[in-house]
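Student: dropping a prediction and its sequence here:
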Amino acid sequence: MASEKKIEKNQCRPDGGFPAPLHILVVDDEVNIRKTLSMCLETEGHGVTAVSNFQDALAEASRKSFELAFVDLRLGTDNGLDLIPALLATTPWLKIIVITVYASIDTAVEAMRRGATDYIPKPFTPAQIKLAVRKVFEVRSLEQRVATLQEDLGRVHPEIDFGSTSPAMQRAVNLARQVASSEATILLRGESGTGKTVLARAIHAWSPRASNPISIVSCPSFSSELLESELFGHVRGAFTGAVSDNPGRIAACEGGTLFLDEISDLPLSLQPKLLRFLQDKEYERVGDNLTRKADVRIITATNINLEKAVQDGRFREDLFYRLNVIQIEIPPLRERSDDVLTLAERLLVFFGRVNHRSYIGFTKEALAALGRYHWPGNVRELSNVIERAAILCRSDRVGLECFPANLMTGDLSPKIGDPVTIEKIEEQHIRRVLANTKSLQEAADILGIDQATLWRRRKKYGI
């Protein structure tokens, strides 16, 4: 075949070689193409697995971790385009290069739409293969550098570490990485303490806006009047106490990101102004008629049911849909219990270093207590508990005596699937929601019931 004749083994080695090999999957139903590509790539020092069909490709991807895949557009009776999302579902970081003799603009566009990184028509030259692999290698190197930087940040802010064995948490982080480079508005959802602010910072750091400022505003921290001034700014004399101009947070983070925490507390009077800014990037300072424009990305977060707030008339429906372009749900720590001990050990190392101490780890009793507690305060509560233990511990291994009383006695609350009644599960759920909300109305919104029903449940369970 022409494609085979154009590839010569001695032409495939890149200048200087690759400092680290890639693990590459080749999927093509033509045996000669598989052999030729494998020879070329292996000569460059890469590890290659070659298969002939859709099913074998998915089987190999489920068993091994690949950084790059060459996928033929025609795989017998199967369409190679259908393989792209299937491979990405198993390996989100995989870079996919489509190879085909049936090259066209339409198939190239469709391949990219489905997640392909590059598109090479057959017959291809050694230079094309070398260049394509080099591009993927450079992208991989950049991703590894970002990961290293994130680890370095984790030494200063340990909560930045997003390593997790939880599929839900992995999906959240993978989605955050995927959309970070876009300009889409992002809504982060999750309980208090799950790390929404930390993830917002990470999205900014992963985005092209990383070199520009990020500003964080907690909506409940300001009155309606002060929040408007804080966001949009004001001119001198706009209100009592406005002794000088204030450019506002939006102007201050030009080219960067504005994170609005607890967006559900944004006053109704400000919601149309935020909606206008999201749509047109235009706003006015308080006391000024001059229309200004700003290039600022908006990320928001909430721990309540915004859909319920829309139904109750407390949040504008058009604003909700504008904010909810990309929704990322962060699971509570109790739903990723396998992560608790790993996080605890990392936090212990960090807080030990902060307090100039070195710890071997936790006693068996302490590990058991950490594992069975339900962590209603999520990662923030875990971080506080470990910081306290690191300060109080006087031996090289943290024991139960260094934990708060609720951990020392253990949290005996039932878990989903335990042999207990539904009422017991309901009682514990209501207790936790009440403990993590600021008002009965907020608790009722989260629970999906009205205040009268919540009052009756509290009376029934003696809460």
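Tutor: Nice, I can see it. Numbering: from 1, shown residues only.
Student: A50 belongs to a strand?
Tutor: Yes - under DSSP: H, G, I helix; E, B strand; the rest coil, A50 sits within a strand.
Student: around it, how many other residues sit close by?
Tutor: 20 (other C-beta atoms under 10 Å). Every C-beta, even on glycine, is put in place using the N, C-alpha and C of the backbone.
Student: so what's it up against?
Tutor: By C-beta atoms under 8 Å, 6 or more residues apart in numbering, A50 lies in contact with 25-28, 34-35, 37-38.
Student: which phi and psi values does the residue lying closest to R209 once chain neighbours are set aside adopt?
Tutor: The shortest distance from R209 to any non-neighbouring residue, by C-beta to C-beta, 6 or more residues apart in numbering, is to G256 (5.1 Å). Backbone torsions of G256, given as degrees, to the nearest 10, read phi -120, psi -140.
Student: wait, G256 sits on S207?
Tutor: No - with contacts counted by C-beta atoms under 8 Å, G256 stays clear of S207, the gap being 9.1 Å.
Student: for these two, list the residues in contact with both.
Tutor: R297.
Student: returning to what we had before: separate out the buried members of the contacts of A50.
Tutor: 25-28, 34, 37-38 (16 or more other C-beta atoms under 10 Å).
Student: now the residue nearest to R357 when sequence neighbours are not counted: which helix or strand?
Tutor: Sequence neighbours aside, A390 is the residue nearest to R357 in space, at 6.6 Å (criterion: C-beta to C-beta, 6+ apart). Using DSSP states H and E, A390 sits within helix 378-392.
Student: give the other helices and strands that the next helix or strand after that helix contacts.
Tutor: Going down the chain from helix 378-392, the next helix or strand is strand 397-398, by DSSP H and E. Judged by 3 or more C-beta pairs under 8 Å, 6 or more residues apart in numbering; DSSP states H and E, strand 397-398 is in contact with strand 361-362.
Student: skip ahead from the strand it packs on and say which helix or strand is next.
Tutor: Using DSSP H and E, the first helix or strand after strand 361-362 is helix 364-372.
Student: would you mark the buried spots in that next one?
Tutor: 366-367, 369-370.
Student: low-confidence ranges, the stretch 351-463 of the chain, go.
Tutor: 408-420 (pLDDT under 70).
Student: do that again at 80, thanks
Tutor: Scanning the stretch 351-463 of the chain for pLDDT under 80 picks out the ranges 406-420, 424, 432, 435-438, 459, 461-463.
Student: can you get me a residue count around N355?
Tutor: Other residues close to N355 by other C-beta under 10 Å number 13.
Student: how far away is the spatially most central residue of the chain from R456?
Tutor: Nearest residue to the geometric centre of the chain (C-alpha atoms, centre = their mean): V173, 2.7 Å. From V173 over to R456 the distance is 40 Å, taken as C-beta to C-beta, to the nearest Å.
Student: the stretch 101-250 of the chain: strands as residue ranges?
Tutor: Under the criterion DSSP state E, counting those that start in this stretch, the stretch 101-250 of the chain contains strands at 118-121, 186-189, 214-218.
Student: quick check: buried residues in the longest one?
Tutor: Same thing as strand 214-218. The neighbour-count check on strand 214-218 (16+ other C-beta under 10 Å) flags 214-217 as buried.
Student: try stretch 50-58
Tutor: Of the residues in stretch 50-58, 50-54, 57-58 count as buried by neighbour count, 16+ other C-beta under 10 Å.
Student: end-to-end on it?
Tutor: One end of stretch 50-58 to the other measures 12 Å (C-alpha to C-alpha, to the nearest Å).
Student: same check, this time on stretch 371-387
Tutor: Taking C-alpha to C-alpha, stretch 371-387 runs 17 Å from one end to the other.
Student: in that stretch, what counts as buried?
Tutor: Buried residues in stretch 371-387 (16+ other C-beta under 10 Å): 373-383, 385-387.
Student: as a markdown table, the residues you listed with distance to P247 would be great.
Tutor: Shown next, in a markdown table, are the buried residues of stretch 371-387 (distance: C-beta to C-beta, whole Å):
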| residue | distance to P247 |
| --- | --- |
| Y373 | 45 |
| H374 | 45 |
| W375 | 40 |
| P376 | 40 |
| G377 | 36 |
| N378 | 35 |
| V379 | 34 |
| R380 | 32 |
| E381 | 37 |
| L382 | 38 |
| S383 | 34 |
| V385 | 40 |
| I386 | 40 |
| E387 | 36 |
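Student: farthest-apart pair in the residues you listed, please.
Tutor: Spanning the widest gap among the buried residues of stretch 371-387 are H374 and E387, at 19.6 Å by C-beta to C-beta.
Student: what about the residue nearest to A210 when sequence neighbours are not counted, distance to A116?
Tutor: Distance criterion C-beta to C-beta, 6+ apart; nearest residue to A210, sequence neighbours excluded, is H204 at 6.3 Å. Relative to A116, H204 is positioned 27 Å away (C-beta to C-beta).
Student: ditto for F66
Tutor: Remark: distance between F66 and A116 (C-beta to C-beta) = 14 Å.
Student: phi, psi of T302?
Tutor: Dihedral pair for T302: phi -150, psi 150, per degrees, to the nearest 10.
Student: let the chain start at 25 from now.
Tutor: Sure, I'll start counting at 25 from here, so that last one is T326.
Student: let me know whether it touches R213 as I believe.
Tutor: Yes - T326 is within contact range of R213, at 6.0 Å (criterion: C-beta under 8 Å).
Student: so for those two, which sits in the more crowded spot?
Tutor: Neighbours of T326 and R213, each counted by other C-beta under 10 Å, are more numerous for T326; the result is 22 against 19.
Student: how far away is the more buried one from D285?
Tutor: Taken as C-beta to C-beta, the span from T326 to D285 is 8 Å.
Student: how about N56?
Tutor: When distance is defined by C-beta to C-beta, N56 is 58 Å away from D285.
Student: so which of the contacts of A74 are in strands?
Tutor: 49-51 (DSSP state E).
Student: let's see stretch 229-243 as CSV, backbone CA atoms only.
Tutor: Extracted in CSV, the C-alpha atoms of stretch 229-243 (Å, rounded to 0.1, in the frame of the first residue of the first chain):
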residue,chain,number,x,y,z
ALA,A,229,-5.4,28.3,37.4
TRP,A,230,-6.1,25.8,34.6
SER,A,231,-7.6,28.4,32.3
PRO,A,232,-5.9,30.8,29.8
ARG,A,233,-6.8,33.5,32.3
ALA,A,234,-4.5,32.1,35.0
SER,A,235,-2.0,35.0,34.6
ASN,A,236,-4.8,37.5,35.4
PRO,A,237,-6.5,38.1,38.8
ILE,A,238,-9.2,36.0,40.4
SER,A,239,-11.6,37.7,42.8
ILE,A,240,-13.8,35.9,45.3
VAL,A,241,-17.0,37.4,46.7
SER,A,242,-19.2,35.7,49.3
CYS,A,243,-22.7,37.0,48.5
